[in-house]
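**Student:** 3D, please:
(one chain, ligands or ions: 2)
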Amino acid sequence: MTTSLSGLRTHLCTEFITMAAAARTLRIGLIPGDGIGREVIPAGQRVLESLPSSLNLKFSFVNLDAGFDTFQRTGTALPDKTVDTLKKECDGALFGAVSSPSTKVAGYSSPIVALRKKLDLYANVRPVKTTVGSTSGDPIDLVIVRENTEDLYVKEERTHEGPNGKVAEAIKRISESASTRISTIAGEIALRRQKIRAAAPATATRDQSMVTITHKSNVLSQTDGLFREAARKALAAERFSSVHVEEQIVDSMVYKLFRQPEYYDVIVAPNLYGDILSDGAAALVGSLGLVPSANVGDGFAIGEPCHGSAPDIEGKGVANPIATLRSVALMLEFLGEEIAAAKIYTAVDANLDEAKFLSPDMGGKATTQQVLDDVLKRL
Ligand SMILES: NC(=O)c1ccc[n+]([C@@H]2O[C@H](COP(=O)([O-])OP(=O)(O)OC[C@H]3O[C@@H](n4cnc5c(N)ncnc54)[C@H](O)[C@@H]3O)[C@@H](O)[C@H]2O)c1
Ligand SMILES: O=C(O)CC[C@H](C(=O)O)[C@@H](O)C(=O)O
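**Tutor:** Ligands and ions are numbered 1, 2, ... in the order given. As a prediction, this is how the structure comes out:
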């Protein structure tokens, strides 16, 4: 199986992909989780099943459990069977969302956070993009490359009694190796985007590729300082000489991202900043329901919409499936199936540009099913 970290085509057209794919069957784990995860993952499955037969690509599926509901039924949020099946049987997976409680529940731990570590899916790649017809301003076309295994997400917390009451602490762990790895991937993605732009100058949104390193090393000089230093070093490699590298402290990054989102190309960030920046960037393109992600490691990719289980709209049939459909495409890209991915991006972009079947988060009235049907028609 091939997983290509540099295979990030992100919503680009198919003209430049000319090679016919060899016949292939991919086994995909489906992990709907909780809430609207159960409404959008079936849409993702339908898109895979509806890809044109000329692609020579077949899929088999295995349904897998994870989430708060699973925790309540079985006592664990991420059953061993789910992890084992992904490891032993699957080529890739789709993850919906889980309803992690905001208060501590004994024995519960976020299954998606655990899965990223257990499968060493060290890169969380989150493209955020406007489509041609959906914006009157300068187009936004950026990718957030989020470190996916460490930072505060190591979840080493403790509470103790201090002289004035309880004190809680958490470890923020940053390693040189993980920071170097994620920054190198950000550089590869920048190069890849540069190549794609060079091949399609008419649709290119910028001339030069750029990576923005995001950190807070003015305050956290050791942890974020190490991230910054490792990123600078990795991106100074000769092969990235055509990529402009700059850095931005995370708070002013938020300011600049909101003022001038079209400025950014590739943003590399430690885990938590990447999490926060990607939800913020989603607001800039219209909805969290549009923004996909892929959790990527060596030899495996899990497509996952950036949004959560959305309890406020759960069960109403109005969840926007587009973040999931784009996550399906992103997963396929990393599994080396770029033509199939491009077909999905094109169909989704056409749905958004025509704006006839938009879900309520996009100002429309369409249900999840109607948006899906419209995308399927365009496939
Ligand atoms: N990957 C994951 O499993 C994941 C990601 C984020 C949050 N969560 C969990 O989800 C739960 C709810 O979190 P939250 O409410 O803070 O964030 P959320 O992303 O679930 O929802 C935020 C807002 O965006 C809207 N929204 C999200 N996805 C949408 C879609 N596809 N279509 C239309 N509207 C959409 C919701 O209706 C809500 O108003 C929490 O338990 C959190 O832990 C899980
Ligand atoms: O709620 C959870 O269990 C995980 C949420 C998760 C995260 O990485 O923090 C989500 O915000 C995401 O962006 O994937």
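**Student:** any idea how far D312 is from the nearest residue to E262 once chain neighbours are set aside?
**Tutor:** Closest residue in space to E262, ignoring its immediate chain neighbours: D138 at 3.8 Å, by CB to CB, 6 or more residues apart in numbering. Heads up, the C-betas are built off the backbone N, CA and C, glycines and all. D138 sits 32 Å away from D312, going by CB to CB, to the nearest Å.
**Student:** Those two: which is more packed in?
**Tutor:** D138 (12 against 8; other CB atoms under 10 Å).
**Student:** What ranges does the stretch 201-350 of the chain have for its helices?
**Tutor:** In the stretch 201-350 of the chain, the helices defined using DSSP state H, counting those that start in this stretch lie at 223-235, 250-259, 271-284, 322-334, 338-354.
**Student:** Farthest from the middle of this protein: give me that residue.
**Tutor:** The C-alpha centroid of the chain is most remote from P163, which lies 42.9 Å away (CA atoms, centre = their mean).
**Student:** Could I get the CA-only coordinates of stretch 191-209 as CSV?
**Tutor:** The C-alpha coordinates for stretch 191-209 follow below in CSV (Å, rounded to 0.1, in the frame of the first residue of the first chain):
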residue,chain,number,x,y,z
LEU,A,191,6.7,22.1,-2.7
ARG,A,192,3.8,19.9,-3.9
ARG,A,193,1.5,22.9,-4.0
GLN,A,194,4.1,24.9,-5.9
LYS,A,195,4.3,22.1,-8.5
ILE,A,196,0.6,22.0,-8.9
ARG,A,197,0.4,25.8,-9.3
ALA,A,198,3.2,25.7,-11.8
ALA,A,199,1.2,23.2,-13.8
ALA,A,200,-2.0,25.2,-13.7
PRO,A,201,-0.9,28.9,-13.7
ALA,A,202,-4.4,30.1,-14.7
THR,A,203,-5.9,28.9,-11.4
ALA,A,204,-2.8,29.7,-9.2
THR,A,205,-3.5,31.9,-6.3
ARG,A,206,0.1,32.9,-5.6
ASP,A,207,3.5,32.8,-7.1
GLN,A,208,5.7,31.7,-4.3
SER,A,209,5.2,28.8,-1.8
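**Student:** what comes up buried for that stretch?
**Tutor:** For stretch 191-209, burial by neighbour count (16 or more other CB atoms under 10 Å) applies to L191, R192, R193, Q194, I196, R197, S209.
**Student:** Pick out whichever of those residues sits closest to ligand 2.
**Tutor:** Taking CB to the nearest ligand atom as the measure, ligand 2 sits nearest to R193 out of those, at 22.1 Å.
**Student:** Tell me which other helices or strands the host helix or strand of the closest one touches.
**Tutor:** Assessed by DSSP states H and E, R193 sits inside helix 176-199. Helices and strands touching helix 176-199, by 3 or more CB pairs under 8 Å, 6 or more residues apart in numbering; DSSP states H and E, are strand 123-129, strand 141-147, strand 210-215, helix 223-235, strand 266-269.
**Student:** can you rerun that using 10 Å?
**Tutor:** Identification of packing neighbours for helix 176-199 by 3 or more CB pairs under 10 Å, 6 or more residues apart in numbering; DSSP states H and E yields strand 123-129, strand 141-147, strand 210-215, helix 223-235, strand 244-249, strand 266-269, helix 271-284.
**Student:** Mean confidence (pLDDT) on it, please.
**Tutor:** Averaging pLDDT along helix 176-199 gives 96.
**Student:** Report pLDDT for the residue in the stretch 151-300 of the chain that ligand 2 sits nearest to.
**Tutor:** For the stretch 151-300 of the chain, the residue closest to ligand 2 is D275, as judged by CB to the nearest ligand atom, at 4.8 Å. Looking at D275, its pLDDT stands at 98.
**Student:** so where's the protein shaky on pLDDT?
**Tutor:** Applying pLDDT under 70 to the chain flags residues 1-22, 133-136.
**Student:** Kindly report the residues of it close to ligand 2.
**Tutor:** When proximity is defined as CB under 6 Å from any ligand atom, the chain approaches ligand 2 at V98, S100, S110, I112, V113, D275, C306, G308.
**Student:** what number of residues lie near the last one?
**Tutor:** Residues within reach of G308, counting by other CB under 10 Å, total 19.
**Student:** cool, and the fifth one?
**Tutor:** For V113, the number of neighbouring residues by other CB under 10 Å comes to 19.
**Student:** coming back round to it: where does the residue of the stretch 151-300 of the chain closest to ligand 2 sit relative to P52, distance-wise?
**Tutor:** Distance from D275 to P52, by CB to CB: 35 Å.
**Student:** next one: T203
**Tutor:** With the distance defined as CB to CB, T203 ends up 23 Å from P52.
**Student:** One more: A301?
**Tutor:** Separation of A301 from P52 (CB to CB) stands at 22 Å.
**Student:** need the contact list for L325.
**Tutor:** When the contact criterion is CB atoms under 10 Å, 6 or more residues apart in numbering, the partners of L325 are 40, 43-44, 46-48, 290, 292, 303, 305, 344-345, 347-348, 351, 371-372, 375-376.
**Student:** And ligand 1, is stretch 132-146 touching that?
**Tutor:** No: when contact is scored as CB under 6 Å from any ligand atom, no part of stretch 132-146 falls within range of ligand 1; the minimum is 12.3 Å.
**Student:** Can you give me the end-to-end span of that stretch?
**Tutor:** Using CA to CA, to the nearest Å, the end-to-end distance of stretch 132-146 comes out at 26 Å.
**Student:** most surrounded residue in the residues of the chain next to ligand 2?
**Tutor:** Counting by other CB under 10 Å, top hit in those: V98 with 26 neighbours.
**Student:** my guess is that residue meets T82, correct?
**Tutor:** No: with the criterion set as CB atoms under 10 Å, V98 and T82 do not qualify as a contacting pair; they are 11.9 Å apart.
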